[in-house]
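1. quick one: sequence plus predicted model below, questions after.
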Amino acid sequence: MSRAADVSSEKLYIIYDGHCNLCLASVAKLKGLKSNADLHFVQIQQLEASVEAEQLIPRIRQLNYTELYEKMHVVDDKGQLFAGADGVIRILRTVKGLRWLSVFYRIPGMKRTADHIYRFVAGRRYEWFGSTEQSCSIHECERPQGKGENNKHGN
């Protein structure tokens, strides 16, 4: 079996924050791109209600909701877990026309730099990009409290 055939049969489960406008826009963009993998998008908020999602993504049970909200998680069909910048790179490796970007991740120091940038943006995603109206009351959006940060956005 060729490498291309291996990649095309692969499934990736992408667990993301469904209240985050940046995350929603990124998912919409990814859905419009051609991927060699079968991408399944699952909102964190749907995990509790979806027994199927928990059965399909057994590694997710090892994470608490605070960890899930801190960064995007990608689980492949072999059960390998990729989080944050690692998850982004894992997805990019499957997207036609964007695979070449994953090469930069191999440069010494880039993984650490990418992780810092990812955490910096992820920690400010509600403030910079907003959140869905259905998830937030006027001027406030609840989310799990991260290290040393307030758990409400907009104050």
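-> Here it is on my side, so go on.

2. now the protein, which segments are flagged as low pLDDT?
-> Residues of the chain that meet the criterion pLDDT under 70 lie in 1-8, 48-56, 58-59, 133-155.

3. can you give me the helices for it?
-> Assigned by DSSP state H, the chain shows helices spanning 3-8, 21-32, 44-47, 51-56, 65-70, 85-92, 110-122, 125-129.

4. which residue is nearest the centroid of the protein?
-> Met72 (2.5 Å; Cα atoms, centre = their mean).

5. could you give the backbone dihedrals for it?
-> Main-chain torsions, Met72, degrees, to the nearest 10: phi -70, psi 150.

6. picking up where we left off before, okay, the helices of the chain, which one's buried deepest?
-> Here the criterion is mean neighbour count by mean count of other Cβ atoms under 10 Å, and of the helices of the chain the winner is helix 85-92, at a mean of 21. Just so you know, the C-beta spots here come from the backbone N, C-alpha and C atoms, and that holds for glycine as well.

7. mind listing residues that contact it?
-> 12, 14, 30, 35, 39, 71-74, 76, 82, 98-99, 101-102, 105, 111, 114-115, 117-118 (Cβ atoms under 8 Å, 6 or more residues apart in numbering).
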